[in-house]
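1. Got a predicted structure here, sequence first:
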Amino acid sequence: QVQLVESGGGLVQAGGSLRLSCAASGSIVRIDGMGWYRQAPGKQRELVARISRGGGTNYADSVKGRFTISRDNAKNTVYLQMNSLEPEDTAVYYCNAQGMVFTPTLKGYDGWGQGTQVTVSS
């Protein structure tokens, strides 16, 4: 079994900051791409930011210059530093990871965390 456990969500005022973390654990052989997505009430889940194993990144236009994604490959952990938060950033944030796992044979993996709520008040 492989688990993605997120932390760091909460309530913050507009202009504030939060840092999300997501740690992958279990029978992991290798984690390649990792990313953060979000889903606001009544809307589809959307990409926030992704990072490759080598550190290449891409961001949604709405968060460029405000959010920074990073990762620690040794810890199979991805982070999302969110600054200058806006009420429009309010959503459930989900971690995604892709790679190879051994459960009980070697196979590809594409999994999601349980989500963490981020609420930005105006």
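-> Noted; the coordinates are in hand. Quick caveat: nothing in here was measured; it's all calculated off a predicted structure. Numbers count the residues shown, from 1 in each chain.

2. ok, so what distance separates the residue nearest the centre of the chain from residue 79?
-> Nearest to the mean C-alpha position of the chain, by Cα atoms, centre = their mean, lies residue 36 at 2.9 Å. The gap separating residue 36 from residue 79 is 9 Å, by Cβ to Cβ, to the nearest Å. In short, each C-beta sits where N, CA and C put it, glycine included.

3. Tell me how many other residues surround residue 100.
-> 14 (other Cβ atoms under 10 Å).

4. Tell me the bridge partners for it.
-> Counting by DSSP bridges, residue 100 is bridged to residue 30, residue 108.

5. Next one: it, what pLDDT does it get?
-> Predicted confidence (pLDDT) for residue 100: 92.

6. so residue 119 makes contact with residue 90?
-> Yes: counting by Cβ atoms under 8 Å, residue 119 does reach residue 90; the two are 5.1 Å apart.

7. which of the two has more neighbours?
-> Set residue 119 next to residue 90 and count neighbours by other Cβ under 10 Å: residue 90 wins out with 18 against 15.

8. mind listing what's buried in the helix or strand where residue 118 lies?
-> Secondary structure assigned from DSSP states H and E places residue 118 in strand 116-121. By neighbour count on 16 or more other Cβ atoms under 10 Å, the buried set for strand 116-121 is 116, 118, 120.

9. follow-up on the earlier one: residues that sit against both of residue 36 and residue 79, list them.
-> Common contacts of residue 36 and residue 79, defined by Cβ atoms under 8 Å, 6 or more residues apart in numbering, comprise 20, 22, 69.
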